[in-house]
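# structure of the sequence below:
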Amino acid sequence: MRNTLCALALLISVSAHADDATWKVGATIFADYTNMDGMSSFNVNRAYINVTGSLNKRLSFRLTPDVARELSGGSQQFRLKYAYGQLNLDEWMTKGSFVRFGVQQTPFLDSIEQIYRYRFQGTLFAEREGYLSSSDAGVAMRYVLPNDYGDVHGGFYNGEGYNKAETNEEKAVQVRASVRPLPKSALGKGLKGTLFFVGDHYDETARRERLIGQVTYEHARGNAGVEVLSTKDRALDGRGWSVFATPKLGKGWEVLLRHDHNRPDRNSSVVRKRNIAGVAYWMPNLQKMTAAILFDRDSLSVTGKSDDTRYAVKMLLVF
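Residues are numbered from 1 along each chain as shown. Model (predicted):
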């Protein structure tokens with residue numbers, strides 16, 4: 001924690017003394033009240049402190065400490081979620097292209113969360129099933145296709161995620177390619193196809209691979225998407241799929257519908273199914289901030305086990 005605070009102070013100091021530097025401090029808060037079988041509780045499951053800025057038009061940075069609840073206990077952990085420097089390639093390539101070094105967003109989840117904006121309800125399918133991490137340490141590059149017809153984002157990462165130390169010499173290769181085959185319109189960005197691959201190893205002989213194919217559609221009246229997942233973990237060969245829709249009702253109201261279906265090992269009969277349904281209110285006409293409240297039902301069924309069903313009121317605040 002001391003090292004994180006020292007780095008934060010250093011970045012602010014450098015930014016403040018650079019002639020054309022800019023920086024800002026914000027926060028992201030996930031809070032909820034959850035009721036499940038035999039228990040209910042108020043929670044603040046996650047809080048980000050976001051420090052972002054630029055030293056000049058080519059160099060920018062982000063530093064985000066993350067306060068999150070331990071999975072095995074009731075206390076809160078203070079850890080580093082993002083800490084990277086970025087070289088903006090706008091002068092040499094299409095706008096939005098960059099190179100990053102440090103603890104940063106991984107390519108797939110960062111892309112889809114621009115379309116599926118309900119991380120405060122819970123993580124996306126592949127991450128919730130334990131196959132992906134939203135952040136990892138490494139070096140990456142993104143190239144934006146001309147006329148915003150898509151992008152390619154890939155890099156080399158430790159492979160263990162931001163909340164674990166590296167355990168071996170193996171590094172993960174993550175590559176995502178997305179294409180928008182049709183031009184954008186006044187009603188939304190339209191269709192988007194994505195292919196994502198992770199190649200990694202637990203050790204020299206044990207593979208860890210993920211392959212995801214996804215199609216999403218963005219429209220003024222709501223977004224929708226479907227993805228198919230293939231995984232290899234040592235001797236396990238898994239398959240899964242997920243579908244979501246977020247139709248907009250108007251005046252800030254929106255419906256969330258999602259179904260996940262995962263079979264971690266095709267040689268086993270165990271299947272994990274999750275159904276999510278909710279109604280959200282996104283507060284309109286806010287300046288430089290986002291606020292939403294969600295009423296949802298989240299039900300997980302696993303072969304051979306009792307269903308785990310939870311009802312919750314969840315809040316998102318970003319500024």
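
# distance-wise, check the residue lying closest to residue 275 once chain neighbours are set aside relative to residue 315.
Distances taken as Cβ to Cβ, 6 or more residues apart in numbering put residue 299 closest to residue 275, at 5.0 Å, once the chain neighbours are dropped. C-beta coordinates here come from the backbone N, C-alpha and C atoms, glycine included. If you measure residue 299 against residue 315 using Cβ to Cβ, to the nearest Å, the figure is 21 Å.

# now the helices for this protein?
Under the criterion DSSP state H, helices of the chain are mapped to 2-17, 107-112, 125-128.

# shaky segments in the stretch 1-150 of the chain?
Along the stretch 1-150 of the chain, the parts satisfying pLDDT under 70 run over 1-19, 68-75.

# can you check the stretch 151-300 of the chain too?
Checking the stretch 151-300 of the chain against pLDDT under 70 turns up nothing.

# please, where are all the strands along it?
Defined through DSSP state E, counting those that start in this stretch, the strands belonging to the stretch 151-300 of the chain, from first to last, are 172-179, 190-201, 207-219, 222-233, 236-250, 253-263, 272-282, 290-302.

# and the first one with strand 207-219, angle?
What it means is strand 172-179. Orientation of strand 172-179 against strand 207-219 (axes from the mean of the first three to the mean of the last three Cα atoms, to 10 degrees) gives an angle of 20 degrees.

# quick one: buried residues of strand 172-179?
Buried positions in strand 172-179, judged by neighbour count with 16 or more other Cβ atoms under 10 Å: 172, 174, 175, 176, 177, 178.

# same question, the fifth one
By neighbour count with 16+ other Cβ under 10 Å, strand 236-250 contains the buried residues 238, 240, 241, 242, 244, 245, 246, 248.

# the fourth one now?
For strand 222-233, the neighbour count (16+ other Cβ under 10 Å) marks 222, 223, 224, 225, 227, 229, 231, 232, 233 as buried.

# make JSON lines out of these and add distance to residue 38.
Compiled in JSON lines, these are given as follows (distance: Cβ to Cβ, whole Å):
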{"residue": "222", "distance to residue 38": "36"}
{"residue": "223", "distance to residue 38": "35"}
{"residue": "224", "distance to residue 38": "35"}
{"residue": "225", "distance to residue 38": "34"}
{"residue": "227", "distance to residue 38": "34"}
{"residue": "229", "distance to residue 38": "32"}
{"residue": "231", "distance to residue 38": "33"}
{"residue": "232", "distance to residue 38": "38"}
{"residue": "233", "distance to residue 38": "33"}
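
# looking at the residues you listed, spot the one nearest residue 253.
Distances from the buried residues of strand 222-233 to residue 253 were compared by Cβ to Cβ; the smallest belongs to residue 222, at 11.2 Å.

# grab the nearest non-local neighbour of the closest one.
Leaving out its chain neighbours, the residue that sits closest to residue 222 by Cβ to Cβ, 6+ apart is residue 247, at 3.8 Å.

# next one: that neighbour from residue 120, what distance?
19 Å.

# just residue 201 next, same as before
Plainly put, residue 201 is 33 Å away from residue 120 if you go by Cβ to Cβ.

# between these two, who's got more neighbours?
For the pair residue 201 and residue 120, the greater number of neighbours falls to residue 120 (21 against 17), based on other Cβ atoms under 10 Å.

# that one: what's it in contact with?
If a contact means Cβ atoms under 8 Å, 6 or more residues apart in numbering, then residue 120 has 30, 292, 294, 314, 315, 316 as its contacts.

# excluding its backbone neighbours, what's nearest it?
Take residue 120 and drop its neighbours on the chain: the residue closest to it by Cβ to Cβ, 6+ apart is residue 316, 4.0 Å away.

# so which residue is dead centre in the chain?
With the centre of the chain defined as its mean C-alpha position, the nearest residue by Cα atoms, centre = their mean is residue 109, 3.9 Å away.

# doesn't residue 134 make contact with that one?
Yes. Counting by Cβ atoms under 8 Å, residue 109 does reach residue 134; the two are 4.8 Å apart.

# find the residues that touch each one of these two.
Counting by Cβ under 8 Å, 6+ apart, the shared contacts of residue 109 and residue 134 are residue 127.

# any idea what the nearest residue to residue 308 once chain neighbours are set aside is bridged to?
The spatial neighbour of residue 308 that comes closest, neighbours along the chain excluded (Cβ to Cβ, 6+ apart), is residue 300 at 4.6 Å. Each beta-bridge partner of residue 300 is listed here, defined by DSSP bridges: residue 274, residue 308.

# check contacts around residue 300.
272, 273, 274, 307, 308, 309.

# looking at those, state which has the most neighbours.
Of all the contacts of residue 300, residue 274 has the most neighbours under the rule other Cβ under 10 Å, reaching 20 neighbours.

# how many other residues sit next to residue 211?
When counting by other Cβ under 10 Å, one arrives at 14 neighbours for residue 211.

# show me what it is bridged to.
residue 197, residue 230.

# pretty sure it contacts residue 176?
No. Using Cβ under 8 Å, residue 211 makes no contact with residue 176, being 11.3 Å away.
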